[in-house]
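S.K.: I'll drop the sequence and a predicted model, then ask my questions.
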Amino acid sequence: MAADERLREYRGKRDFGRTGEPSGQGASGGAEPRFVVQIHDARRMHFDFRLQVDDVLKSWSVPRGPSDDPHDKRLAVPTEDHPLEYEDFEGVIPKGEYGGGTVIVWDRGTYEPLSHDRRGRPVDFAESLERGHATF
C-alpha cells in the first residue's frame, strides 16, 4: 500500500491551511527505522508514540504516558498513520482543529525490529505489528 493511501485518514482529518502539521508530501526514510514520542496537550494531556514502518509513522496515543518500569503495561490506542515529516513536528494545532493543542517532541531515535516466528526466523515488522506481536 502506498503512502498516499496510508495517509488518507490523516489528511482527511486536517485543514492544512489552518494547521502547521506536515501534509506528507515526500520525506523518505533513513537507513534505520525511527521512532518519536511527542507530548500532546490536547483535550487531555497524553503522549503520542510513533514508529517508522516503511513510508509512514505508525501511531499510538498513550493516555498515561510511558513508564520507566518495563513490567508496567500501559494502554496504547492506535491512531491514524502519520507522515514521516511528523517526526519533527512541534507547535500548536489551532483550537477547533483535529487534535487542537500543543505538541512537543519528548524523545526520538532509531529502533531495531526484532520480530521472529516460532522457529526463530525474522518476520516482516509491519506484518508483526498487524498481528499484535511486534518486538523491537
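M.R.: Nice, I can see it. This structure is a prediction, so every number in the text was calculated from the model and none was measured.
S.K.: what about the most centrally placed residue in the chain, distance to residue 133?
M.R.: Per C-alpha atoms, centre = their mean, the C-alpha nearest to the average position across the chain is that of residue 50, at 2.3 Å. Going from residue 50 to residue 133 by C-beta to C-beta, to the nearest Å gives 19 Å. Every residue, glycine included, has its C-beta placed from N, CA and C.
S.K.: thinking again about what came up before, with adjacent residues omitted, what lies nearest to the residue nearest to the centre of the chain?
M.R.: residue 57 (3.9 Å; C-beta to C-beta, 6 or more residues apart in numbering).
S.K.: who's in contact with the nearest residue to residue 126 once chain neighbours are set aside?
M.R.: Once flanking residues are discounted, residue 126 sits nearest to residue 53: 5.0 Å by C-beta to C-beta, 6+ apart. By C-beta atoms under 8 Å, 6 or more residues apart in numbering, residue 53 lies in contact with 33, 125-126, 129.
S.K.: any idea what residue 53 is bridged to?
M.R.: As for beta bridges, residue 53 partners with residue 56 under DSSP bridges.
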